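*Asks:* Just to be clear, the model below is a prediction. Sequence and coordinates:
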Amino acid sequence: MKVLVVNAGSSSMKYQLFDMSNEQMIAKGNCERIGGDGLGKIGHKTADGREYTAELPMPTHSEAFDALVFALLKSDAKVLDDLSEIKAVGHRIVQGGSIFKESCLVNDKVIKDIESLIPLAPLHNAAHVLGIKACIKALGDKVPQVVVFDTSFHSTMPPKAYIFGVPYEYYEKYAVRRYGFHGTSHRYVSDRVAELEGKDKKDMKIVTCHLGNGSSITAVKNGKVIDTSMGLTPLDGIIMGTRSGTLDPSVVTFIAEKEGLSASEMSDLLNKKSGVLGISGVSNDNRDVTDAAAEGNERAQLSLDILHYQIAKYIGGYAAAMNGLDAIVFTGGIGENNYITRELVCDYLEFLGVKIDKPFNEAHNKIKGNDYKISTPDSKIAVYAISTNEELVIARDTVSLVNKK
Ligand code: ADP
């Protein structure tokens, strides 16, 4: 069965086509600058190395979808003879709120429910709905579509983990609570570490660290999320490329008053100008900041010290929350590639019995797409670097729901 996975953002639309008979990706691509003043751009690549790029008008997601269909079907890098080969489509949806506790097939009510959650994720959910509608327009309403939510893996959290210390009425009135994000990635790597350890995840206590441009850390106990670092929005938790992460809430009101900034200007500052970029003044990109730190830039080094310290504090905190810890997973662009981050975080955790094989950890830094255990045989806690694959999880959920139909 061929399954298309779509991740529609406000100005971009990423996609991957899978052959689910062997779970191999056949082609992938990205439409950018949708709705911009000039032309949009599609970049498309096949698994056998062919490429197609084009600049086309993309005033809406619908034209972007047409470009995607052209790339798959008619371009020099075509991979399909007929559109009907696509048997189902899976969509990534950021915010499922308290409505969606698992993936589901799309129908009119599901679209309305996703729309009803737009206030909780204005940019993302609105774009996802545009993506779904463009997909229905291009493929027709006979092709089943499935939605997979970033939040749903976290829906098992108990209230003590998701209620914030503000008047309860805001939870009741506006659904203000911790939702958590990157759930599809945390689900994939927690399943994978159990598989690699040869254990049943129902018997494991795992902390998964998804460290990318956005980062989140999750405690998975007996296969269920009991806590996660991102909150109402992806701003909470550890410092990220440009996001502040958790801070004293007074910092927000204090800076707003001093600088005369509005709520939306503060939101901009905390989401786009803070975190590693804000502290280092160098870049939001971990590679640039690591290079600057190596050249002696003290603020770059400080931003990395803060990052490692905060990751370690979350892991320690979640070990307490779960009353034990069997495995730690590093994933995401930084977690998969930056051996220094993994090493320095693990240094903080020696007291828990964490021991890693440092030369092996460093040597395997460059092997992309490989999952590997970096802890030593006598480490009390297994530590892994695992390449996440959110698209594959979406494709798997899509197949399983379509087969149940
Ligand atoms: P996103 O959160 O947008 O999906 P990624 O998971 O791709 O992003 O992570 C992006 C981050 O990963 C960037 O900060 C980038 O610098 C970092 N990264 C990617 N490759 C490496 C590497 N080889 N060494 C260190 N950091 C890396």
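*Replies:* Arrived safely.

*Asks:* ok, which residues in this protein are in contact with the ligand?
*Replies:* Residues of the chain lying close to the ligand by Cβ under 6 Å from any ligand atom are 212-214, 241, 285-287, 332-334, 337-338. Just so you know, the C-beta spots here come from the backbone N, C-alpha and C atoms, and that holds for glycine as well.

*Asks:* Buried members of the residues you listed into PyMOL, please.
*Replies:* Selecting only the buried entries of the residues of the chain next to the ligand in PyMOL, with 16 or more other Cβ atoms under 10 Å as the criterion:
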select buried, resi 212+213+214+241+286+332+333+334+337+338
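
*Asks:* Show me the residues of the chain next to the ligand that map onto helices.
*Replies:* By the criterion of DSSP state H, membership of the residues of the chain next to the ligand in helices covers 286-287, 332-334, 337.

*Asks:* need the contact list for the residue in the stretch 151-300 of the chain positioned nearest to the ligand.
*Replies:* Nearest residue of the stretch 151-300 of the chain to the ligand (Cβ to the nearest ligand atom) works out as residue 212 at 2.5 Å. By Cβ atoms under 8 Å, 6 or more residues apart in numbering, the contact set of residue 212 is 332-335.

*Asks:* As CSV, these with pLDDT would be great.
*Replies:* Listed next are those as CSV, based on pLDDT from 0 to 100:
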residue, pLDDT
332, 95
333, 93
334, 96
335, 96
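
*Asks:* Can I get the residues you listed in CSV including distance to residue 77?
*Replies:* Converted to CSV, the contacts of residue 212 look like this (distance: Cβ to Cβ, whole Å):
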residue, distance to residue 77
332, 28
333, 25
334, 31
335, 31
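
*Asks:* Distance of residue 34 relative to residue 64?
*Replies:* Distance, residue 34 to residue 64, by Cβ to Cβ, to the nearest Å: 5 Å.

*Asks:* show me where the stretch 1-150 of the chain has helices.
*Replies:* 61-73, 108-116, 122-139 (DSSP state H, counting those that start in this stretch).

*Asks:* which stretches of the stretch 151-300 of the chain form helices?
*Replies:* Under DSSP H, counting those that start in this stretch, the stretch 151-300 of the chain gives helices at 159-162, 169-174, 183-197, 249-259, 263-272, 275-280, 286-294, 298-322.

*Asks:* Reformat those helices into JSON lines and put mean pLDDT next to each item.
*Replies:* Converted to JSON lines, the helices of the stretch 151-300 of the chain look like this (pLDDT from 0 to 100):
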{"stretch": "helix 159-162", "mean pLDDT": "98"}
{"stretch": "helix 169-174", "mean pLDDT": "96"}
{"stretch": "helix 183-197", "mean pLDDT": "97"}
{"stretch": "helix 249-259", "mean pLDDT": "98"}
{"stretch": "helix 263-272", "mean pLDDT": "95"}
{"stretch": "helix 275-280", "mean pLDDT": "98"}
{"stretch": "helix 286-294", "mean pLDDT": "97"}
{"stretch": "helix 298-322", "mean pLDDT": "98"}
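
*Asks:* Residue 394 belongs to a helix?
*Replies:* Yes. Using DSSP: H, G, I helix; E, B strand; the rest coil, the assignment for residue 394 is a helix.

*Asks:* Excluding covalently adjacent residues, which one is nearest to residue 337?
*Replies:* Setting aside the residues directly before and after it, residue 337 is nearest to residue 365 in space (Cβ to Cβ, 6 or more residues apart in numbering), at 6.5 Å.

*Asks:* quick one: contacts for that neighbour?
*Replies:* Contacts of residue 365 by Cβ under 8 Å, 6+ apart are 337-339.

*Asks:* just for this protein, where's the confidence low?
*Replies:* Across the chain, residues meeting the criterion (pLDDT under 70) sit at 366-369.

*Asks:* Can I take it that residue 346 is in a helix?
*Replies:* Yes. Membership of residue 346 in a helix is supported by three-state DSSP.

*Asks:* Correct me if wrong: it contacts residue 356.
*Replies:* Yes. Between residue 346 and residue 356 there is a contact under Cβ atoms under 8 Å: 4.8 Å.

*Asks:* which residues are in contact with both of these two?
*Replies:* 374, 383.

*Asks:* hang on, the earlier thing: how about the residues of the chain next to the ligand in JSON lines, adding distance to residue 11?
*Replies:* Formatted as JSON lines, the residues of the chain next to the ligand follow (distance: Cβ to Cβ, whole Å):
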{"residue": "212", "distance to residue 11": "19"}
{"residue": "213", "distance to residue 11": "16"}
{"residue": "214", "distance to residue 11": "17"}
{"residue": "241", "distance to residue 11": "18"}
{"residue": "285", "distance to residue 11": "20"}
{"residue": "286", "distance to residue 11": "24"}
{"residue": "287", "distance to residue 11": "24"}
{"residue": "332", "distance to residue 11": "22"}
{"residue": "333", "distance to residue 11": "21"}
{"residue": "334", "distance to residue 11": "24"}
{"residue": "337", "distance to residue 11": "26"}
{"residue": "338", "distance to residue 11": "28"}
